[in-house]
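Peer 1: With the sequence up front, the predicted model follows.
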Amino acid sequence: VTPLDAGWYFSGIVENIAEGVDNLKVGDAVHGHLQYSSKTKQGTLTDYITVPASECAKIPEGINMDVAAAVTTEALTAIQAMRDKGELSKGKSILIIAAGGVVGTQTQAVQIAKVLKAGSVHAVCSTKDASNATKLGADLVIDRTKKDITKALDAASYDVIFDTTGK
């Protein structure tokens, strides 16, 4: 039995493509993450990996590979939850609970909501993350260590409530 090489996140240059793949080409800079599964037999801290094209995304112009590899899981979780499941779109309002936590890491969820042109982005986080959430575009930041959010939000209404804690 060969041990799993370490690493889940990746970025790199496409070296070869299987027949029928039309969304990528040799030379494209891509990033992604391996599936968190006991069936995964390779790690990403190696020279080459093989992944399905559907599990790669092109790295946007101007983004370094190390940054692209580092944000994959959390950013994808946030965008899939807000845009795909929550149907957040232009003009809709969102409340992001735990905006400074793992999926909201450095308030990625706030930044993504702003890119999606949400009408209002309200963030709940602790004191240490409040100024960062504001700086990155939250229209309202509620410091959960200073306010009871159930009282602070008593009359509020949102199109999407993204609770990154799952509680």
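Peer 2: Yep, that arrived. Numbers count the residues shown, from 1 in each chain.

Peer 1: hey, which helix or strand in this protein has the poorest pLDDT?
Peer 2: In the chain, no helix or strand scores lower on mean pLDDT, DSSP states H and E than helix 72-79, which sits at a mean of 79.

Peer 1: give the contact list for the residue nearest to residue 133 when sequence neighbours are not counted.
Peer 2: By the measure of CB to CB, 6 or more residues apart in numbering, the closest residue to residue 133 outside its immediate chain neighbours is residue 123, 4.3 Å from it. Where you see a C-beta, it was placed from the backbone N, CA and C, and this is true even at glycine. Residue 123 makes contacts with 95, 96, 99, 104, 107, 109, 110, 133, 138, 140, 141, 142, as judged by CB atoms under 8 Å, 6 or more residues apart in numbering.

Peer 1: Surely the first one and residue 160 touch.
Peer 2: It refers to residue 95. Yes - the pair residue 95 and residue 160 qualifies as a contact (CB atoms under 8 Å) at a distance of 7.4 Å.

Peer 1: Between those two, tell me which one has more neighbours.
Peer 2: residue 95 (23 against 20; other CB atoms under 10 Å).

Peer 1: Kindly state the beta-bridge partners for that one.
Peer 2: Beta-bridge partners for residue 95, by DSSP bridges, are residue 122, residue 161.

Peer 1: Going forward, count from 481.
Peer 2: Noted, 481 is the first residue going forward, which turns the last one into residue 575.

Peer 1: Could you pull up the residues touching it?
Peer 2: By CB under 8 Å, 6+ apart, the contact list for residue 575 reads 602, 603, 604, 633, 636, 638, 640, 641, 642.

Peer 1: still on that earlier bit, show me the contacts of residue 603 that map onto strands.
Peer 2: With DSSP state E as the criterion, strands contain 575, 576, 620, 621, 622 from among these.

Peer 1: got the residue ranges for the helices in the chain?
Peer 2: 545-550, 552-559, 588-595, 607-615, 629-632 (DSSP state H).

Peer 1: what's the least confident stretch among those?
Peer 2: Mean pLDDT is lowest for helix 552-559 among the helices of the chain, at a mean of 79.
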